[in-house]
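Peer 1: model the structure of this input:
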Amino acid sequence: MSTTSTLGIDDFLATFSEQTGYLDFARIGPVSATAVAEQDAATRLLQAGRSLDELQKQDARVRSAVSALVDLPADQIVFQPNTSTGLLHTMFGATGGVLLSAGEFPSLPFAAVRAQQALGAVTPVWLPGGPGRVTPDGVREHLTPDVTAVAVSLVDSRTGHLADLEGLRDVIGDRLLIVDAIQGFGIVDAPWAAADVIVSGGQKWVRAGWGTGFLALSERALERLSPVLSGWTGADAVEPWDEVAPPRSGAGAFSVTNPDPIAQARFAGALEDIASVGVTAIAARIAERVSAIVDLADEFGLALVSSRDERERAGIVVVEPAAEELAPLSASLAVHGVTARLRPGTVRFSAHSSTSDDTLAALRAALVSAGTGAAF
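Peer 2: Next up, the predicted model:
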């Protein structure tokens, strides 16, 4: 299994091999060669039935890898199989009012409502207004003494809006700030110290495949959240036979059962690559690719839903074609091999550091054809 070494941006990009035209990283990130190698190495250990202790070391390894990126101690981090599970742990463990937008990706509002329905300890407090842009000013206007936490996506999946975590922290005081980081973790150099709860999966921008994720908790979050969904692996004893022991201290209490060490190996390897090359370098490359897509949208007269301001966006560009343009554009993208996310009324393009000039050329060709009807 890999060991961390210094990577240049070109070495990092060489670990990816997605097809030309792929612009749907906000849905799923094609996995890196590093993640594939980690999967193969760990699977061979399991296949042979030996060195199983090496597999068990992946838990400490993956928590260390997350720690390096979010700047929290490893004992304040627990592996999760996906973002949604981490958000359920968080909402079931919280109390009081949680201020959030109903327009967030469903993982957040579902977790809040399910926790309210099951326990009644949490009350969702819905931010008014349209979805896709939670701002410090908007939050400030709706804070009440009953609100104990604010939940937000780091990057909104429908608009690409990048949340101002430091601004939100300034506004909410010592309330918990819960961040669904799935659409930005690994590519946004976020001020993680502003957040109390950071939850992310690794299947999108980290490009580690499904079954990967984490929950990271500040000291304040550890004090205020109860590990309601704590399983037997959340106790202190390695195998707590014959009695149901209380949850351990630290983030490990928010564990249900043994994690998948093969998924952990994939995730750890991908995270180690990101840490080695640096999030700043990755973000700079993505910003360049995103700007090129915005320029294409402007050139072909597509209304931009996402922000033009680099400070308010990450890897997502959303356009809103005129009603009569949507079907021809969708067909042209398919003809030219461009993979994007089509939703009613909008098209979402999401670019990574590995997005090539050839992919941008394919997008341009699709836009030309859509405008002239030449693709049909």
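Peer 1: how about stretch 347-366: buried residues?
Peer 2: Neighbour counts over stretch 347-366 (16 or more other CB atoms under 10 Å) mark 347-356, 359-360, 362-366 as buried. For glycine as for every other residue, the C-beta is placed from the backbone atoms N, C-alpha and C.
Peer 1: would you agree residue 359 falls within a helix?
Peer 2: Yes. Counting by DSSP: H, G, I helix; E, B strand; the rest coil, residue 359 falls inside a helix.
Peer 1: was I right to think it contacts residue 25?
Peer 2: No. Counting by CB atoms under 8 Å, residue 359 sits too far from residue 25 to count as a contact (11.3 Å).
Peer 1: between these two, which contacts overlap?
Peer 2: Any residue near both residue 359 and residue 25 by CB atoms under 8 Å, 6 or more residues apart in numbering counts here, and that gives residue 351.
Peer 1: ok, back up a step: mind checking which of the buried residues of stretch 347-366 are in helices?
Peer 2: The members of the buried residues of stretch 347-366 that map onto helices under DSSP state H are 359-360, 362-366.
Peer 1: what ranges does the stretch 51-200 of the chain have for its strands?
Peer 2: When assigned using DSSP state E, counting those that start in this stretch, the strands of the stretch 51-200 of the chain occupy the ranges 77-79, 96-101, 122-127, 147-153, 176-180, 197-201.
Peer 1: buried deepest among the ones you listed, which one?
Peer 2: Ranked by mean neighbour count, the strands of the stretch 51-200 of the chain are led by strand 197-201 with a mean of 29 (mean count of other CB atoms under 10 Å).
Peer 1: beyond it, next helix or strand please.
Peer 2: Going down the chain from strand 197-201, the next helix or strand is strand 213-217, by DSSP states H and E.
Peer 1: just the angle between that following strand and strand 197-201, please?
Peer 2: Using axes from the mean of the first three to the mean of the last three CA atoms, to 10 degrees, the direction of strand 213-217 lies 180 degrees away from that of strand 197-201.
Peer 1: name the helices or strands packed onto the next helix or strand after strand 213-217?
Peer 2: The helix or strand immediately downstream of strand 213-217 is helix 219-224, counting by DSSP H and E. With contacts taken as 3 or more CB pairs under 8 Å, 6 or more residues apart in numbering; DSSP states H and E, helix 219-224 sits against strand 176-180.
Peer 1: which residues touch the strand it packs on?
Peer 2: Outside strand 176-180, the residues within contact range by CB under 8 Å, 6+ apart are 83, 87, 90, 94, 98, 104-105, 107-108, 148-154, 163, 165, 168-169, 194-200, 220-221, 224-225.
Peer 1: strand partners (parallel or antiparallel) of it?
Peer 2: Paired neighbours of strand 176-180 in the sheet (DSSP bridges): strand 147-153 (parallel), strand 197-201 (parallel).
Peer 1: what does the first one rub up against?
Peer 2: By CB under 8 Å, 6+ apart, the list of residues contacting strand 147-153 from outside reads 94-101, 104-105, 108, 112, 125, 134, 139, 163, 168, 172, 175-183, 196, 224.
Peer 1: and that strand, how far from the chain's centre?
Peer 2: How far strand 147-153 lies from its chain's middle: 17 Å, per CA atoms, centre = their mean, to the nearest Å.
Peer 1: same check, this time on stretch 44-61
Peer 2: 27 Å.
Peer 1: now do stretch 349-363
Peer 2: Computed by CA atoms, centre = their mean, the chain-centroid distance of stretch 349-363 equals 20 Å.
Peer 1: average pLDDT for that stretch?
Peer 2: What stretch 349-363 shows for mean pLDDT is 98.
Peer 1: send me it as CSV with only the CA atoms.
Peer 2: Listed next in CSV are the C-alpha coordinates belonging to stretch 349-363 (Å, rounded to 0.1, in the frame of the first residue of the first chain):
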residue,chain,number,x,y,z
PHE,A,349,-21.2,21.2,-15.6
SER,A,350,-18.6,20.3,-13.0
ALA,A,351,-14.9,20.3,-13.7
HIS,A,352,-11.9,18.9,-11.8
SER,A,353,-8.2,19.6,-12.0
SER,A,354,-7.9,16.8,-14.6
THR,A,355,-10.5,18.3,-17.0
SER,A,356,-8.6,18.5,-20.2
ASP,A,357,-8.4,21.0,-23.1
ASP,A,358,-9.9,18.3,-25.2
THR,A,359,-12.9,18.1,-22.9
LEU,A,360,-13.4,21.9,-23.2
ALA,A,361,-13.1,21.6,-27.0
ALA,A,362,-15.8,18.9,-26.9
LEU,A,363,-18.0,21.2,-24.9
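Peer 1: so which residues make contact with that stretch?
Peer 2: Residues from elsewhere that reach stretch 349-363, judged by CB under 8 Å, 6+ apart: 9, 12-13, 16, 18, 20-27, 29, 187, 205, 207, 282, 285-286, 289-290, 292-293, 296, 315-319, 333, 336-338, 340-341.
Peer 1: please repeat the previous calculation with a cut-off of 6 Å.
Peer 2: Residues outside stretch 349-363 that contact it (CB atoms under 6 Å, 6 or more residues apart in numbering) are 13, 16, 20-21, 23, 25-26, 282, 285-286, 289-290, 292-293, 315-317, 336-338, 340.
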